[in-house]
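1. below is the structure, and that's it, no one-letter string:
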């Protein structure tokens with residue numbers, strides 16, 4: 001199936017050379033977090049694919065310029081590998097997103 005092959009290639013691109021798709025699916029998918037280390041931003045083609053959004057600071061800049069609205073960003077953190085917590089109240093400004101990020105919250109851009 002063409003779509004399945006395309007999905008597999010895309011997932012392998014995200015995983016890099018550290019792990020194969022089958023190993024990821026059997027060991028990590030919906031089980032344990034996986035941190036994929038990449039080469040420095042200047043030395044890897046991976047990061048250049050993301051252009052303006054390769055760093056949190058770049059996302060903050062897009063938010064400051066009004067190109068990414070705050071409502072398109074979710075903030076969350078996991079307390080015990082399974083309990084997802086969201087901030088109350090949710091962020092309303094780019095400054096709120098920055099503050100939460102600096103306090104250890106993760107960013108999900110929708």
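-> Thanks, I have the structure now. Keep in mind that what you see is a predicted model, and the values were worked out from it rather than measured.
2. now residue 63: phi and psi?
-> The phi/psi pair for residue 63 (degrees, to the nearest 10) reads phi -70, psi -40.
3. roughly how far does it sit from residue 55?
-> Residue 63 sits 13 Å away from residue 55, going by CB to CB, to the nearest Å. To be clear about C-beta, it is placed using only N, CA and C from the backbone, and glycine gets the same treatment.
4. who has more neighbours, those two?
-> Set residue 63 next to residue 55 and count neighbours by other CB atoms under 10 Å: residue 63 wins out with 21 against 12.
5. residues in contact with the more buried one?
-> Counting by CB atoms under 8 Å, 6 or more residues apart in numbering, residue 63 touches 69, 70, 73, 94, 97.
6. now render those residues as a markdown table, adding pLDDT and neighbour count.
-> A markdown table is the format used below for these (pLDDT from 0 to 100; neighbours: other CB atoms under 10 Å):
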| residue | pLDDT | neighbour count |
| --- | --- | --- |
| 69 | 93 | 10 |
| 70 | 94 | 15 |
| 73 | 92 | 21 |
| 94 | 95 | 20 |
| 97 | 96 | 24 |
